[in-house]
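1. return a 3D structure for these sequence lines:
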Amino acid sequence: MKPIIFLLLIVLTPAASVIDVAALSDDLVAALAGGEHEPIRRAVIALSREGSAEAMEVVIALGLLSDDLRLEAAVIEGLRALDEGTGLTWLCTRCNQHPRKEVRDQLVGVLAARTERQAFKSVLSALYDPEESVILSAISALDRKNHQGAVPHLVKALQFQEKQGKELSLVANRLRELLTRFTGASLFGSGEWQRHIDDSKRERDGNGPPGEVTITPRGSGVKIEVPSFFGQELLSQRVVFLLDTSISMKKKDLIAVEPGEEKKGGDSGSGTDVARRPGAPPPGRGEGKPPVERMRLSRVQDELVRMISDLPGSFRFTVITFSNEVRPLSGGLIKANPGNKRRAIKFVRNFEPKGQTWTDRAMEKAFEISGARTIVLLSDGMPFRKPDPIDVLGLLDWTEKRDRFEHIPVHTIGFRATSAEAGQFLRELARRTGGKYTEIP
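-> Residues are numbered from 1 along each chain as shown. From the prediction side, this is the model:
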């Protein structure tokens, strides 16, 4: 590693400062090689105090781009402990200008933990980053910071999204969620949020009753109907639907019992017994042979066709099925126009349940779709491949690492009649990516 650092320093630094920065860099290299948290933190602080762009670039190159999460955590702690000065000023500038989105993402988190005005300003500026993943990181950082001073800036950022026709984007929805947490209000457009803020300020200042509402075409607070899939609202305009079409999707589940009735099972083999009692319900509800329309894949097809038909024209989407193979509808996201909707519905109607559950290959394909901001995974079982077993914990770890700088929520949908183990996997996958888990009766 030392030859690389030496070459980096020759390129970046004037001759007079090479020795000082090189010596400090050697300390960081040695600390990273040792892998101990405290020596790494001290070496980072020492380089950051030197404060030159050259020294800070060494910290970034060796620490934040090391691909070692344990070492990276020590580097970040060192940056958070940095004294005010040229080093901090450099971090604030590069937070918005560094060419690597991964670095901008991490610097947003570093600066959000600081109390300086310039650090807060840099985090707010990240709300307009060209990469949506960095904007999402800034929103999460402001959530952790819990600073009410961010409210008017969040409204302006929401207005910026609306002007680009992205009022249903994941970014816009995350902005609204944070505004709701900060203000207690549950509104939609930036115009209504701004009015709420103005009214609240007017009441606090004792300057009379709220003003009159001004309705504008966009940002007026008129909520647009959000499409949903099995009750899961699609809070994003760029969605990948990842659907399990393995042989188990051919099974039929009994209709969910009414409240107060005993929980009943189906032909899922999940281990839930079907109780028999006087006044047994009709076939398909609680016992007996479920009707054909209760086949899992048929239910998914019907719901997916309905949802695709309802997608607004501003949406981009694709559908990927997986069993022993992964079959995408398209190579990327497609517009939700009438022609593409007909194409997608035809694709959906041709699903055939067969094979195993190669969830890992499906997730890899989903993350390859350029521009995707949300993944919706529907499956009725654990990842399964024979004779090459899928490491489920490894899949969870891979997904979390792959999503680290993308911030793509993976919403998962499972069936109540399947095993508890399968439900646990889907819940954990959603949790690790900031998604939600939905269970189908």
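
2. and residue 242, its phi and psi?
-> Per-residue torsions, residue 242: phi -110, psi 110 (degrees, to the nearest 10).

3. quick check: bridge partners of the closest residue to it other than its chain neighbours?
-> Of all residues not flanking residue 242 in the chain, residue 377 sits nearest, at 4.5 Å (Cβ to Cβ, 6 or more residues apart in numbering). Quick note: C-beta positions are derived from backbone N, CA and C, even for glycine. Beta-bridge partners recorded for residue 377 (DSSP bridges): residue 242, residue 412.

4. contact partners for residue 377?
-> Shown in contact with residue 377 (Cβ atoms under 8 Å, 6 or more residues apart in numbering): 242, 359, 362, 363, 366, 410, 411, 412, 413, 426, 429.

5. got those residues as a markdown table, with neighbour count, distance to residue 194 and pLDDT columns?
-> Below are these laid out as a markdown table (neighbours: other Cβ atoms under 10 Å; distance: Cβ to Cβ, whole Å; pLDDT from 0 to 100):
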| residue | neighbour count | distance to residue 194 | pLDDT |
| --- | --- | --- | --- |
| 242 | 26 | 38 | 97 |
| 359 | 26 | 44 | 97 |
| 362 | 26 | 42 | 97 |
| 363 | 25 | 40 | 98 |
| 366 | 24 | 37 | 98 |
| 410 | 26 | 33 | 97 |
| 411 | 27 | 30 | 96 |
| 412 | 26 | 36 | 96 |
| 413 | 26 | 36 | 94 |
| 426 | 28 | 39 | 96 |
| 429 | 25 | 37 | 97 |
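
6. which of the residues you listed lies closest to residue 161?
-> Among the contacts of residue 377, residue 411 lies closest to residue 161 (Cβ to Cβ), at 20.6 Å.

7. show me what contacts that closest one?
-> 232, 374, 375, 376, 377, 430, 435, 436, 437, 438.

8. for residue 317, see how far away it is.
-> 14 Å (Cβ to Cβ, to the nearest Å).

9. same deal with residue 400?
-> Noted for residue 400: a distance of 24 Å to residue 317, by Cβ to Cβ.

10. which one's more surrounded, the two?
-> residue 317 (28 against 15; other Cβ atoms under 10 Å).

11. can you report phi and psi for that one?
-> phi -150, psi 170.

12. what of residue 29?
-> Residue 29 has phi and psi values of phi -60, psi -50 when expressed as degrees, to the nearest 10.

13. next, count neighbours for it.
-> Using other Cβ under 10 Å, residue 29 has 17 other residues around it.

14. now swap in residue 364 and tell me
-> Other residues near residue 364 come to 15 when the count uses other Cβ under 10 Å.

15. the one 5 residues further on too?
-> Residue 369 is surrounded by 22 other residues when neighbours are defined as other Cβ under 10 Å.

16. same thing with residue 425?
-> Neighbours of residue 425 (other Cβ under 10 Å): 22.

17. contact partners for it?
-> Residue 425 neighbours (Cβ under 8 Å, 6+ apart): 382, 383, 392, 396.
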